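**Q** Make a model of this:
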Amino acid sequence: MTSTKERIFTPYQTFIIAILALLQFTIILDFMVLSPLGAILIPTLKITTSQFGLVVSAYAFSAGASGLLAAGFADQFDRKKFLLFFYIGFLIGTLLCAMAPTYELLLAARIVTGIFGGVIGSVSFAIITDLFALEVRGRVMGFVQIAFAASQVLGLPIGLLLANRFEWHAPFWMIVIFGMVLGAVILIYMKPVTQHLAAAKKNQNAYMHLYSNLSNKLYIRAYLSTILLATGGFMLMPFGSAFSTNNLGLTMEQLPILYLVTGIFGIALGPLIGKLADTMGKFKLFAIGSVISIAMVAIYTRMGITPLWVCIVLNIILFAGINARMISASALTSAIPSMPDRGAFMSINSSIQQISGGIASFIAGLIVIQSPSGNLQRYDTLGYVVIGSMIVATAMIYWLDNFITQKLSREKSNA
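**A** Next up, the predicted model:
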């Protein structure tokens, strides 16, 4: 007997989900690997916490700028070609990171990586919106979100082991090699994605297309929600490893274990969370995830020396809440734009996410200070800021959910 799960996606759709998940894996890993490497980079390059925050935010700022510039053109090309162009540029930027000998050159390499990497996520989400109905997008987002957990299970522990065994450049070499293989698979096996071209306005000026998406009042509300979501995510992440080693008392050898176990649970929970988003309601799941995240942030940012197993349990719960928020919010946001605007909307939304994340990372670097003993101070203050953004974001997502529900109801009555 064929199960319901087997009937949801065609073999090619399953292939697309896997490809996009692996693509996101490399992009997320490239960004996330800096967090655990922070404990190595700060003493090795002899930089301050604010300089490290700038390295993290440099990627985000350049990614945001390139996403805005690309938005006007995003709906005028085959999405496969658009995706490959920016992915090749991303791999070149990561290669420069792998060869950077100094802080200044690493900073420049992160800017190059961000210019190309910042567009890839938006193209991926536009492809998902083109190829999958809203009713199953929660599941799709859940599988794609596995990339976040997989980067912890496979990428971060391996990256840390490589960095500890060799030196900090090694994880970037790993990403480049894996990305080259993935790029070849996309080039050979992925079909063109051109459905949106038929619905696009003929001879529309790219800048007018960008302006119409930036000035749309409905889209603006979605962009504001993204700003709040990015604030919560980017503020705590850059200093996660430094907080774990200096404040929680974990060793560099224990960090891979922490990320590995948390990531395994993330992989297991991702599809389940996606299915719940489709069945119980995307806003309901977002609200539950927000409550869990707020509680965990309040606890985690005030902790001192803590056993490894306690850190693992709290991290699992925290990331479950964060994943519930991100999967449900991504699925909801994908229903906002009309087909001719999807590429531009996703690019702008991704840019706003990156820029907001860059600002959040930079501000986090100003709030958090490192004492002479190595402990991070004012991390709890950072937690309060994150909690505030989560509360306001929940109200914004509630409004978007109501709008989408009414929109779908009108479409059914007119059908």
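**Q** Do a quick rundown of the helices in the stretch 101-250 of the chain.
**A** Here the stretch 101-250 of the chain has its helices, by DSSP state H, counting those that start in this stretch, at 103-131, 134-144, 146-150, 156-165, 170-189, 195-199, 206-215, 217-236, 240-246.
**Q** what about Val112, distance to Cys97?
**A** 9 Å (CB to CB, to the nearest Å). Quick note: C-beta positions are derived from backbone N, CA and C, even for glycine.
**Q** ugh, typo on my part, it should be Arg410
**A** 48 Å.
**Q** do Thr394 as well
**A** The gap separating Thr394 from Cys97 is 36 Å, by CB to CB.
**Q** Of the two, which one has the most company?
**A** Between Thr394 and Cys97, counted using other CB atoms under 10 Å, Cys97 has the larger neighbour count: 26 against 19.
**Q** quick one on the thing from earlier: Ile336: which of the helices of the stretch 101-250 of the chain is closest?
**A** helix 217-236 (4.9 Å; CB to CB).
**Q** now what about the closest one, what contacts it?
**A** 60, 213-214, 293, 297, 301, 322, 325-326, 329, 333, 336-337, 341, 345, 348-349, 352-354, 356-358, 360-361, 363-364, 382-383, 385-386, 389-390, 392-393, 396-397, 399-400, 403 (CB atoms under 8 Å, 6 or more residues apart in numbering).
**Q** Produce a ChimeraX select command limited to the buried residues of those.
**A** Once 16 or more other CB atoms under 10 Å is used to decide burial, the buried members of those can be selected in ChimeraX as follows:
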select :60,213,214,293,297,301,322,325,326,329,333,336,337,341,345,348,349,352,353,354,356,357,358,360,361,363,364,382,383,385,386,389,390,393,396,397,400,403
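**Q** Just the ones of the contacts of helix 217-236 in helices?
**A** Counting by DSSP state H, the contacts of helix 217-236 place 60, 213-214, 293, 297, 322, 325-326, 329, 333, 345, 348-349, 352-354, 356-358, 360-361, 363-364, 382-383, 385-386, 389-390, 392-393, 396-397, 399-400, 403 in helices.
**Q** What separation is there between the residue lying closest to Val144 once chain neighbours are set aside and Leu34?
**A** Closest residue to Val144 apart from its sequence neighbours, by CB to CB, 6 or more residues apart in numbering: Ala21 at 4.9 Å. As for Ala21, its distance to Leu34 is 21 Å (criterion: CB to CB).
**Q** Compare these two (neighbour count), which wins?
**A** Comparing Ala21 with Leu34 by neighbour count (other CB under 10 Å), the higher total belongs to Leu34, at 24 against 19.
**Q** Could you list which residues are in contact with that one?
**A** Leu41, Val55, Val56, Pro238.
**Q** what's near enough to touch the first one?
**A** Counting by CB under 8 Å, 6+ apart, Leu41 makes contact with Leu34, Ile47, Phe52, Val55, Trp168.
**Q** And for the residue sitting nearest the centre point of the chain, nearest residue in space, chain neighbours not counted?
**A** Centre of the chain computed as the mean C-alpha position; nearest residue by CA atoms, centre = their mean is Ile28, 6.1 Å away. In space, Ile28 comes closest to Ser151 once its chain neighbours are excluded; the distance is 4.9 Å by CB to CB, 6+ apart.
**Q** is it true that the one you found touches Leu23?
**A** No - applying CB atoms under 8 Å, one finds Ser151 not in contact with Leu23, separated by 11.9 Å.
**Q** just for this structure, where's the confidence low?
**A** Low-confidence segments of the chain, defined by pLDDT under 70, span residues 1-7, 35-36, 152-156, 198-206, 232-233, 411-412, 414-415.
**Q** Identify the residues contacting the closest residue to Met190 other than its chain neighbours.
**A** Nearest residue to Met190 in three dimensions, chain neighbours excluded: Lys80, at 5.4 Å (CB to CB, 6+ apart). Shown in contact with Lys80 (CB under 8 Å, 6+ apart): Ile186, Met190, Lys191, Pro192, Val193.
**Q** for Ile397, same thing?
**A** By CB under 8 Å, 6+ apart, the contact list for Ile397 reads Ser225, Phe283, Phe286, Ser328, Ala329, Leu332.
**Q** out of these, which is most surrounded?
**A** With neighbours defined as other CB under 10 Å, the most crowded of the contacts of Ile397 is Ser328; it has 31 neighbours.
**Q** so how far does stretch 158-178 reach from one end to the other?
**A** End-to-end distance for stretch 158-178: 13 Å, by CA to CA, to the nearest Å.
**Q** any idea how far that stretch is from the chain center?
**A** Put simply, stretch 158-178 sits 21 Å off its chain's centre (CA atoms, centre = their mean, to the nearest Å).
**Q** coming back round to it: is the residue nearest to Val144 in contact with Phe143, as I believe?
**A** Yes - between Ala21 and Phe143 there is a contact at 5.8 Å, judged by CB under 8 Å.
**Q** Gln377 contacts Thr301, doesn't it?
**A** No - using CB under 8 Å, Gln377 is not in contact with Thr301; the gap is 11.5 Å.
**Q** wait, isn't Asp401 in contact with Leu285?
**A** No - at 10.5 Å, Asp401 and Leu285 do not qualify as touching, with contact defined as CB under 8 Å.
**Q** can I get the helices of the stretch 101-250 of the chain in JSON lines with distance to Ile317?
**A** Output for those, formatted as JSON lines (distance: least, CB to CB, whole Å):
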{"stretch": "helix 103-131", "distance to Ile317": "26"}
{"stretch": "helix 134-144", "distance to Ile317": "18"}
{"stretch": "helix 146-150", "distance to Ile317": "14"}
{"stretch": "helix 156-165", "distance to Ile317": "19"}
{"stretch": "helix 170-189", "distance to Ile317": "27"}
{"stretch": "helix 195-199", "distance to Ile317": "39"}
{"stretch": "helix 206-215", "distance to Ile317": "37"}
{"stretch": "helix 217-236", "distance to Ile317": "14"}
{"stretch": "helix 240-246", "distance to Ile317": "15"}
